[in-house]
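Chemist: Provide a 3D model corresponding to the input given below.
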Amino acid sequence: QVQLVESGGGLVQAGGSLRLSCTASGSIFSIFAMGWYRQAPGKQRDVAASITTGGITNYADSVKGRFTISMDNAKNTVVLQMNSLKPEDTAVYFCAAYDVVTIRGANPDDYWGQGTQVTVVS
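Modeler: The predicted structure is shown next:
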(Lines give C-alpha, C1' and ligand atoms only; values in the text may rest on other atoms or scores of the structure.)
Protein backbone atom coordinates (compact mmCIF):
# COMPACT_ATOMS: atom_id res chain seq x y z
CA GLN A 1 0.00 0.00 0.00
CA VAL A 2 1.18 3.51 -0.86
CA GLN A 3 0.33 6.68 1.04
CA LEU A 4 0.94 10.29 0.06
CA VAL A 5 1.10 12.83 2.87
CA GLU A 6 0.97 16.53 2.05
CA SER A 7 1.88 19.53 4.14
CA GLY A 8 2.37 23.25 3.79
CA GLY A 9 -0.96 24.71 2.78
CA GLY A 10 -2.45 27.74 4.45
CA LEU A 11 -3.59 31.30 4.05
CA VAL A 12 -1.36 33.97 2.58
CA GLN A 13 -1.70 37.46 1.19
CA ALA A 14 -1.39 38.12 -2.51
CA GLY A 15 2.25 38.39 -3.48
CA GLY A 16 3.32 36.03 -0.74
CA SER A 17 4.82 32.56 -0.88
CA LEU A 18 3.97 29.08 0.29
CA ARG A 19 5.84 25.79 0.09
CA LEU A 20 3.99 22.53 -0.33
CA SER A 21 5.63 19.21 0.41
CA CYS A 22 4.46 15.67 -0.27
CA THR A 23 6.07 12.37 0.66
CA ALA A 24 5.10 9.01 -0.73
CA SER A 25 5.61 6.05 1.57
CA GLY A 26 4.85 2.36 1.63
CA SER A 27 6.04 -0.61 -0.35
CA ILE A 28 7.43 1.48 -3.19
CA PHE A 29 9.89 0.05 -5.67
CA SER A 30 9.89 2.94 -8.13
CA ILE A 31 8.01 6.10 -9.09
CA PHE A 32 7.99 7.55 -12.59
CA ALA A 33 6.90 11.06 -11.67
CA MET A 34 5.15 13.18 -9.07
CA GLY A 35 3.08 16.27 -9.39
CA TRP A 36 0.65 18.76 -7.95
CA TYR A 37 -2.89 19.26 -9.12
CA ARG A 38 -5.28 21.92 -7.92
CA GLN A 39 -9.02 22.23 -7.80
CA ALA A 40 -10.85 25.47 -7.15
CA PRO A 41 -14.51 25.46 -6.03
CA GLY A 42 -16.78 24.57 -8.92
CA LYS A 43 -13.90 23.83 -11.27
CA GLN A 44 -12.19 20.70 -12.50
CA ARG A 45 -8.92 19.42 -11.11
CA ASP A 46 -6.01 20.55 -13.27
CA VAL A 47 -2.29 19.94 -13.11
CA ALA A 48 -0.22 22.79 -11.74
CA ALA A 49 3.20 21.19 -12.09
CA SER A 50 4.84 17.81 -12.45
CA ILE A 51 8.32 16.36 -12.44
CA THR A 52 9.78 13.03 -13.46
CA THR A 53 12.45 11.24 -11.49
CA GLY A 54 14.73 12.18 -14.36
CA GLY A 55 14.12 15.85 -13.60
CA ILE A 56 11.85 16.77 -16.50
CA THR A 57 9.37 19.39 -15.34
CA ASN A 58 6.06 20.59 -16.69
CA TYR A 59 4.09 23.64 -15.59
CA ALA A 60 0.66 25.01 -16.29
CA ASP A 61 0.91 28.30 -18.17
CA SER A 62 -0.79 30.09 -15.29
CA VAL A 63 2.01 29.24 -12.85
CA LYS A 64 5.10 29.44 -15.06
CA GLY A 65 7.71 31.77 -13.61
CA ARG A 66 6.05 31.75 -10.18
CA PHE A 67 6.01 28.09 -9.10
CA THR A 68 8.96 25.73 -8.93
CA ILE A 69 8.66 21.98 -8.50
CA SER A 70 11.47 19.78 -7.25
CA MET A 71 11.83 16.17 -6.23
CA ASP A 72 14.06 14.21 -3.89
CA ASN A 73 14.07 10.79 -5.49
CA ALA A 74 15.70 9.08 -2.53
CA LYS A 75 12.97 10.31 -0.19
CA ASN A 76 10.08 10.08 -2.66
CA THR A 77 9.31 13.67 -1.83
CA VAL A 78 8.08 16.42 -4.11
CA VAL A 79 8.09 20.10 -3.19
CA LEU A 80 6.18 22.92 -4.83
CA GLN A 81 7.55 26.38 -4.09
CA MET A 82 4.87 28.94 -4.86
CA ASN A 83 5.88 32.58 -5.13
CA SER A 84 4.02 35.73 -6.15
CA LEU A 85 0.76 34.07 -5.23
CA LYS A 86 -2.48 35.45 -6.62
CA PRO A 87 -6.07 35.10 -5.40
CA GLU A 88 -6.76 32.90 -8.43
CA ASP A 89 -4.26 30.38 -7.05
CA THR A 90 -6.74 29.63 -4.29
CA ALA A 91 -7.62 25.94 -4.46
CA VAL A 92 -7.19 22.59 -2.85
CA TYR A 93 -3.83 21.24 -3.95
CA PHE A 94 -3.46 17.52 -4.42
CA CYS A 95 -0.21 15.61 -4.64
CA ALA A 96 0.01 12.75 -7.13
CA ALA A 97 2.51 9.97 -7.78
CA TYR A 98 2.40 8.45 -11.26
CA ASP A 99 3.23 4.94 -12.40
CA VAL A 100 4.21 3.70 -8.98
CA VAL A 101 5.57 0.17 -8.93
CA THR A 102 5.33 -1.52 -5.56
CA ILE A 103 7.67 -4.11 -4.13
CA ARG A 104 5.02 -6.73 -4.72
CA GLY A 105 5.44 -6.13 -8.40
CA ALA A 106 1.88 -5.19 -9.30
CA ASN A 107 1.18 -3.18 -12.43
CA PRO A 108 2.10 0.51 -12.11
CA ASP A 109 -0.61 2.64 -10.59
CA ASP A 110 -1.26 6.25 -9.68
CA TYR A 111 -1.79 7.48 -6.13
CA TRP A 112 -3.22 10.67 -4.69
CA GLY A 113 -2.91 12.61 -1.48
CA GLN A 114 -5.86 13.94 0.51
CA GLY A 115 -5.31 17.54 -0.55
CA THR A 116 -4.23 20.70 1.24
CA GLN A 117 -6.01 24.04 1.11
CA VAL A 118 -4.22 27.09 -0.25
CA THR A 119 -6.03 30.39 0.18
CA VAL A 120 -4.66 33.64 -1.22
CA VAL A 121 -6.33 36.85 -0.10
CA SER A 122 -5.96 40.26 -1.67
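Chemist: which residues sit against stretch 66-83?
Modeler: Outside stretch 66-83, the residues that touch it by C-beta atoms under 8 Å, 6 or more residues apart in numbering are 17-25, 28, 31, 34-36, 48-51, 53, 55, 57, 59, 63, 84-85, 89, 93, 95, 97, 118. To be clear about C-beta, it is placed using only N, CA and C from the backbone, and glycine gets the same treatment.
Chemist: what comes up buried for that stretch?
Modeler: For stretch 66-83, burial by neighbour count (16 or more other C-beta atoms under 10 Å) applies to Phe67, Thr68, Ile69, Met71, Asn76, Thr77, Val78, Val79, Leu80, Gln81, Met82.
Chemist: of these, closest to Pro108?
Modeler: Asn76 (14.6 Å; C-beta to C-beta).
Chemist: and the closest one, its phi and psi?
Modeler: Asn76 has phi and psi values of phi 50, psi 50 when expressed as degrees, to the nearest 10.
Chemist: and if you look at Lys75?
Modeler: According to degrees, to the nearest 10, Lys75 has phi -100, psi 0.
Chemist: and if you look at Gly42?
Modeler: When quoted as degrees, to the nearest 10, the phi and psi of Gly42 stand at phi 80, psi 10.
Chemist: no more questions from me, cheers.
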